[in-house]
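Asker: dropping a prediction and its sequence here:
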Amino acid sequence: MRRPHDDYPDMSRLDDFGADSVASGSAVAEDAAAVTDFLAELRSLGEGPAPAPSPELQAIFAGAQPIRPAHRGHGPLMRRVALVAAAAVAATAAAAAGHTLPEPAQRVVSDVVNTLTPFHIGNDEGLAPHPVPPVQRPGSGSDDGLGDPVGPGDGAGEPPERADQADAGAGQSGELGGSGGDRAGDGSEPGGGDNSGGDNSGGESSGGGGARSAGGGAERGSGGESAGSTGSGDNSGGSVEPASGGGERASAGGAERGD
Amino acid sequence: MRTPVPDAASDTVSDAVVDAARSGDREAMRAIYEALAPAVLGYLRAKGVADPEAVTGDVFVALLGRLDRVTGGASGLRKLTFSIAHARMVDEHRRRARTPVAISYDADQDRRTVDSAEDEATASLAAARVRGVLALLPDDQREVLTLRVVADLSIEQVADVMGRSQGAVKQLQRRAMIAVRRIIAEREVTP
């Protein structure tokens, strides 16, 4: 076992303990006087008189209060994090207001902003309504049927543009309008109206387009009338020209809903 | 040949002096400065700091403002002193790397006291020789060696200052010693 003051004839086989003994000066590397001399010179760098104190130190020695470093708490860090978060939220909201976000994100951000803040972001052009699955009626033999007797009647056939003009609540009613338009188009079919119109409205992702197609179906034939009579026509009327009284009512209904 | 090795420098700062300085005793503060400033200055010189005297002053201004945080008496004070010196040295090197500034020497502004020309020359040669060897060591080995030898810190204290484990410090120290021996041997061979 090696102890301090042991000699280390071979520095290349020096272990940690031996190196520490040599470095601390408690042992001498006998075959490496140069190393010992080097360490003595290195040690001498830390010896000698103290340098003249700086003016600040002299002031402290004369009685001035030493400068106490300020504690670095979490305050600045938290402020920075809050600032970055606020900037990110503001940037996202601004992007949503400019409709530059991807559609799903745009929808989510719009919903959040419209629900939680006094601001409003409309879901207008370029935004697809939520897809509404077609209602299946047993025994109708058709996948479109007359549409939901309740759904079209909610006056949601108003296209988003119009809903926007109506009031601030049009973001949500616009979405409903899109789906209502789908159903109106479908509803024109059993009356002998334009099937393509119904299909367009049902299949398209654009609420406005779907509503216009439904309107076309209402103008072209009895199907349109029957659609109006079933309450589906309110969507078509709300979308383009008021083809029927039902459409006007629907329009008004949409506005009310928007409120 | 067996070279007599001086005992490791003992702390001239006692725990009582540290306590007195913590309570605001100016003489105790001055005693701390007189005892530790040479080692701090030597450490900064060995590390190649451009203006070691000024940085030494900064170290003690910071230290005296943190005396209330000192734990462990004189040993804790020494460790805190060289922790600050180490941080100042790193700051200094970073600052110099970013904005290298060459300042012309003005003898009238130099308040440093100097020894005789002979002593100065001898000390300069020794310091230059030491710095020449240290410059060839990797940074971490050089740091361990200066903190162990110049600052006279223990392995544990060096590990704390450098933020390394004690085992890592021991290994770095051993490698540094072997490297120093190799460097000196090569210099003796090379004319």
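Answerer: Right, received. Where do you want to start? Residues are numbered from 1 along each chain as shown, chains lettered A, B, ... in the order given.

Asker: and residue 103, what pLDDT?
Answerer: Picking chain A for this. pLDDT recorded at A:Glu103 is 84.

Asker: that was the other one, I meant chain B.
Answerer: 64.

Asker: do the same with A:Glu241
Answerer: The predicted local confidence for A:Glu241 is 40.

Asker: now swap in A:Val22 and tell me
Answerer: Looking at A:Val22, the pLDDT reads 68.

Asker: same deal with B:Val149?
Answerer: We have a pLDDT of 90 for B:Val149.

Asker: could you list the low-pLDDT ranges of the stretch 101-250 of chain A?
Answerer: The stretch 101-250 of chain A contains residues with pLDDT under 70 at A:123-250.

Asker: how about stretch B:54-64: buried residues?
Answerer: B:55-64 (16 or more other Cβ atoms under 10 Å in any protein chain shown). Every residue, glycine included, has its C-beta placed from N, CA and C.

Asker: for stretch B:131-141, same thing?
Answerer: If you call a residue buried by 16+ other Cβ under 10 Å, then stretch B:131-141 has these buried ones: B:131, B:133-134, B:137, B:141.

Asker: can you check stretch B:23-33 too?
Answerer: Within stretch B:23-33, the residues that count as buried by 16+ other Cβ under 10 Å are B:28-33.

Asker: need the CA coordinates for that stretch. PDB is fine.
Answerer: C-alpha atoms of stretch B:23-33 as PDB (Å, rounded to 0.1, in the frame of the first residue of the first chain):
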ATOM      1  CA  SER B  23     -20.100  40.100  11.300                       C
ATOM      2  CA  GLY B  24     -18.700  43.100   9.400                       C
ATOM      3  CA  ASP B  25     -15.200  43.400  10.900                       C
ATOM      4  CA  ARG B  26     -13.200  45.400   8.300                       C
ATOM      5  CA  GLU B  27      -9.800  44.300   9.700                       C
ATOM      6  CA  ALA B  28     -10.900  40.700   9.300                       C
ATOM      7  CA  MET B  29     -11.900  41.400   5.700                       C
ATOM      8  CA  ARG B  30      -8.500  42.900   5.100                       C
ATOM      9  CA  ALA B  31      -6.800  39.900   6.700                       C
ATOM     10  CA  ILE B  32      -8.800  37.600   4.400                       C
ATOM     11  CA  TYR B  33      -7.700  39.600   1.400                       C
END
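
Asker: confidence score at residue 41?
Answerer: Answering for chain A, as no chain was given. Value listed for A:Glu41 in the pLDDT field: 86.

Asker: chain B, not that one
Answerer: 92.

Asker: and it, what element?
Answerer: Secondary structure from DSSP states H and E places B:Leu41 in helix B:26-46.

Asker: need the buried residues of stretch B:131-141 in JSON lines (columns: secondary structure).
Answerer: Output for those, formatted as JSON lines (DSSP: H, G, I helix; E, B strand; the rest coil):
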{"residue": "B:Arg131", "secondary structure": "helix"}
{"residue": "B:Val133", "secondary structure": "helix"}
{"residue": "B:Leu134", "secondary structure": "helix"}
{"residue": "B:Leu137", "secondary structure": "coil"}
{"residue": "B:Gln141", "secondary structure": "helix"}
